[in-house]
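Undergrad: only geometry, no sequence info:
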């Protein structure tokens, strides 16, 4: 229960110190994001990617600073629980009128749970549910979006010119009238068959979204009760100057742009919840937590995910189980059939031939978090001390964890109410994908003599090779390229999700298999050549990947170059020369002027 009186003199000062901490965090977050515009204008791609990586660490740094301050100034760890209850009430008062109250609540939780023992994580001390609404929250000085009223389709090009002008980009366009006319034509084609109503308008979010070598204008077109998504990437052209590169006019296009398998965007937002609501209206199937993460606010994304997870647990009854598929040597994976995510924990010991450590595996997952995922590596949420209802765990799963990761498991009656909990010390949570090997097996079982299964198999094999090539373009070597380490999304995209052997491409040594010197070497069961720790022999991939004749035929038709060292070496040379490859989050058919970009 909350106290009736606020009589702890230090409670308000602690609340104010925590509010100062979250304000400092968001001030630095916005400063890094605002600088993205200048980096884009100067085509400073290396600094842009470095800033994206560094910003990910901002949140934890500010939390640690605040925890240290509270410990030093207030002796926070020794304060009685009654004081912390009052701190929370004061903090709620400070959130009134705050433009990022949801971020403030999450920051409070992060700081408090680092100070208090986990047995005290009750509703009285942290924000399990939002205390302050973000509905209709807006800044009087920085509107989330602007509205433009063309009146009719003939005025659409002039309206688009006004929209582009208000982006205030420093730099001239290669041929803006050409691009605007092409964009207007795509929009008119998309609106074909719709009656333009009196409310016909284009709403555009006030800030651009920056990622890698692109800036994205994002908005929506409204006529009557119809809302059409609108996203336009702005790029630097080969010959110099800026261009409008593509027209993204469907919900699926936006899902690709803000995919969980892509790097976080940099966008300057006074009121992040307003941007999230705007985007969620365009992508209602995408959880709000994933949208927060896509905007660089990954901790808020984790908060919303966990709230949705607890809500799902209350309204479901199925049991957690060992995830379907081939078991990994490094990660133990389980899931809840009714929930579209998987839970992964690092095993205590790794059997041969794995030679790695827990710290190294965690480092690989951090590498993926900080790297450009180019739409081909699933984002992960990392959690510590996660409690699950024991009654929801199958005995088989408990036995599996006890056998392979006992150091990560605790079963306790934390609240003394007889309801046991399973507490996992450290785990990763990812979107659940259908493992590619299982997808292919379904195609085989359905019969490749039938047109549907054969085409599905062919698309998946081509997508698999495309995924590897796009990872290579981003300086990533997957390491273990077996089909089971890739998954298929709802939209048919192939995504990599097993990171324990991932390496930077430039750290690998791609070699040809030496010719055997003797007949004994050629006929022997052991390899006859020396293999260094970073050596990779692409010619040897085939026997592990292409055992099925139909799969081999498709692979060799589209991706035979992956079996040649020269392919990998050429990309290493390109990266060494400082060239950053374009991997677009949309199909080339969406481009307005194909071939106009590096």
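TA: Received it, and whenever you're ready, just let me know what you need. Computed from a predicted model, the values in this text were never measured in an experiment.
Undergrad: When you work out contacts or count neighbours from here on, use the C-alpha atoms and nothing else.
TA: OK.
Undergrad: any idea how far residue 422 is from residue 113?
TA: For residue 422, the distance to residue 113 equals 19 Å [CA to CA, to the nearest Å].
Undergrad: Which one of the two is surrounded by more residues?
TA: A count of neighbours by other CA atoms under 10 Å puts residue 422 above the other of residue 422 and residue 113, at 21 against 16.
Undergrad: looking at it, that one is touching residue 388, isn't it?
TA: Yes. Residue 422 lies in contact with residue 388 (CA atoms under 8 Å); the separation is 5.0 Å.
Undergrad: Identify the residues contacting residue 56.
TA: Residues in contact with residue 56 (CA atoms under 8 Å, 6 or more residues apart in numbering) are 296, 370.
Undergrad: let's have the chain start at 53 instead
TA: Got it, first residue is 53 now, which makes that one residue 108.
Undergrad: Backbone torsions only: list them for it.
TA: phi -60, psi -30 (degrees, to the nearest 10).
Undergrad: Same question for residue 459.
TA: Given degrees, to the nearest 10, the pair of backbone angles that residue 459 has is phi -70, psi -20.
Undergrad: isn't it right up against residue 400?
TA: Yes. Using CA under 8 Å, residue 459 makes contact with residue 400 at a distance of 6.9 Å.
Undergrad: how many other residues sit next to residue 422?
TA: Neighbours of residue 422 under the rule other CA under 10 Å: 19.
Undergrad: Any idea how many residues pack against the closest residue to it other than its chain neighbours?
TA: Nearest non-adjacent residue to residue 422, counting by CA to CA, 6 or more residues apart in numbering: residue 105, 4.9 Å away. Neighbourhood size, residue 105 [other CA under 10 Å]: 18.
Undergrad: Repeat that for residue 148.
TA: Residue 148: 12 surrounding residues under other CA under 10 Å.
Undergrad: can I assume it is in contact with residue 186?
TA: No. Residue 148 lies out of contact with residue 186 (CA under 8 Å); the separation is 10.6 Å.
Undergrad: Would you state the helices of the stretch 203-352 of the chain in chain order?
TA: For the stretch 203-352 of the chain, the helices defined by DSSP state H, counting those that start in this stretch cover 208-217, 228-242, 303-309, 324-334, 340-346, 350-366.
Undergrad: Please point out which parts of the fourth one sit buried.
TA: Residues 324-332, 334 are the ones in helix 324-334 that count as buried (16 or more other CA atoms under 10 Å).
Undergrad: Please apply the same query to stretch 496-508.
TA: Neighbour counts over stretch 496-508 (16+ other CA under 10 Å) mark 496, 500, 505-506, 508 as buried.
Undergrad: Same check on stretch 129-145?
TA: Buried positions in stretch 129-145, judged by neighbour count with 16+ other CA under 10 Å: 134-144.
Undergrad: Out of the residues you listed, which comes closest to residue 70?
TA: residue 143 (8.2 Å; CA to CA).
Undergrad: in this structure, which helix or strand is least confident?
TA: The weakest-scoring helix or strand in the chain, judged by mean pLDDT, DSSP states H and E, is helix 571-575 (a mean of 68).
Undergrad: Looking at the helices of the stretch 203-352 of the chain, which is nearest to residue 252?
TA: That would be helix 208-217 among the helices of the stretch 203-352 of the chain, by CA to CA, at 10.9 Å.
Undergrad: who touches the closest one?
TA: Contacts of helix 208-217 (CA under 8 Å, 6+ apart): 200-202, 232-233, 236, 256.
Undergrad: Just name the closest of those residues to residue 100, please.
TA: Taking these together and measuring to residue 100 by CA to CA, the closest member is residue 256, at 23.8 Å.
Undergrad: Would you mind listing where the stretch 153-302 of the chain has pLDDT under the threshold?
TA: Applying pLDDT under 70 to the stretch 153-302 of the chain flags the ranges 169-177.
Undergrad: again with the stretch 403-552 of the chain
TA: Along the stretch 403-552 of the chain, segments meeting pLDDT under 70 span 466-470.
Undergrad: residue boundaries of the helices in it?
TA: Using DSSP H, counting those that start in this stretch, helices in the stretch 403-552 of the chain cover 410-422, 447-456, 488-498, 503-525.
Undergrad: any idea how far residue 225 lies from residue 447?
TA: 63 Å.
Undergrad: hmm, back to that, for the buried residues of stretch 129-145, give me a markdown table that also has pLDDT, distance to residue 491 and secondary structure.
TA: Below are the buried residues of stretch 129-145 laid out as a markdown table (pLDDT from 0 to 100; distance: CA to CA, whole Å; DSSP: H, G, I helix; E, B strand; the rest coil):
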| residue | pLDDT | distance to residue 491 | secondary structure |
| --- | --- | --- | --- |
| 134 | 86 | 55 | helix |
| 135 | 89 | 55 | helix |
| 136 | 89 | 51 | helix |
| 137 | 88 | 51 | helix |
| 138 | 92 | 54 | helix |
| 139 | 93 | 52 | helix |
| 140 | 92 | 49 | helix |
| 141 | 92 | 52 | helix |
| 142 | 94 | 54 | helix |
| 143 | 95 | 50 | helix |
| 144 | 94 | 49 | helix |
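Undergrad: related to what we said a few turns ago, ok, residue 225 and residue 447, which is more surrounded?
TA: residue 225 (18 against 14).
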